[in-house]
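In: Compute the structure for the input listed below.
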Amino acid sequence: MNVHDSERLSGSLEAAGYVPAGDEQADVVVINTCAVRENADNKLYGNLGYLASVKQKHEGMQIAVGGCLAQKDKNLILEKAPWVDVVFGTHNMGSLPTLLERARHNGEAQLEILESLEVIPSTHTAKRD
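Out: Below is the predicted model:
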């Protein structure tokens, strides 16, 4: 499921004009979480801790956290990692480009967790490699 969701996130970002970073340092890092995996939260916060130092050196870099762990933990992610720009749930993956833009424009983290689907996920563009 995470692979499928990640393909949809990639498609949504590419449709909004984002391009893969390749060998360059990424301006946007998206972590698609899963609450089912053992120690998922420890792994997330470890990665976010590493990314905090990367972000300090890379002006304008944005970090987004989504998926079912984000859906479950909501505000806790921003409490533990205030350098995160966007936290989004499983039901609003298609909003990621808008949330990134809003975070840039407003200069503050965006948290959007919907409890039900607004759009059927199959209508979101997927990017498969």
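
In: packing partners for the helix ranked longest in the chain?
Out: Scanning the chain for the helix with the most residues, using DSSP state H, yields helix 40-57. Where contact means 3 or more Cβ pairs under 8 Å, 6 or more residues apart in numbering; DSSP states H and E, helix 40-57 is packed against strand 28-33, strand 62-67, helix 68-73, helix 75-80. Bear in mind the C-beta positions are built from the backbone N, C-alpha and C, glycine included.

In: Highest mean neighbour count out of the ones you listed?
Out: Mean neighbours per residue, mean count of other Cβ atoms under 10 Å, is largest over the helices and strands packed on helix 40-57 for strand 62-67, with a mean of 24.

In: Sketch out the low-pLDDT regions of the chain for me.
Out: Counting by pLDDT under 70, the chain shows low-confidence ranges at 1, 115-129.

In: hmm, 80 instead?
Out: Along the chain, the model assigns pLDDT under 80 to residues 1-2, 23, 35-38, 114-129.

In: what's the closest non-adjacent residue to V30?
Out: Sequence neighbours aside, A64 is the residue nearest to V30 in space, at 4.7 Å (criterion: Cβ to Cβ, 6 or more residues apart in numbering).

In: Put the alpha carbons of the longest helix of the chain into PDB.
Out: Extracted C-alpha coordinates of helix 40-57, given in PDB (Å, rounded to 0.1, in the frame of the first residue of the first chain):
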ATOM      1  CA  ALA A  40       7.800   2.900  12.700                       C
ATOM      2  CA  ASP A  41       7.600   6.000  14.900                       C
ATOM      3  CA  ASN A  42      11.200   5.600  16.100                       C
ATOM      4  CA  LYS A  43      12.400   5.300  12.500                       C
ATOM      5  CA  LEU A  44      10.300   8.400  11.500                       C
ATOM      6  CA  TYR A  45      11.700  10.600  14.300                       C
ATOM      7  CA  GLY A  46      15.200   9.400  13.700                       C
ATOM      8  CA  ASN A  47      15.000  10.400  10.000                       C
ATOM      9  CA  LEU A  48      13.400  13.700  11.000                       C
ATOM     10  CA  GLY A  49      16.200  14.400  13.400                       C
ATOM     11  CA  TYR A  50      18.700  13.800  10.600                       C
ATOM     12  CA  LEU A  51      16.700  16.000   8.200                       C
ATOM     13  CA  ALA A  52      16.700  18.900  10.700                       C
ATOM     14  CA  SER A  53      20.400  19.400  10.200                       C
ATOM     15  CA  VAL A  54      20.100  19.000   6.500                       C
ATOM     16  CA  LYS A  55      17.300  21.600   6.400                       C
ATOM     17  CA  GLN A  56      19.400  24.100   8.400                       C
ATOM     18  CA  LYS A  57      22.000  24.000   5.600                       C
END
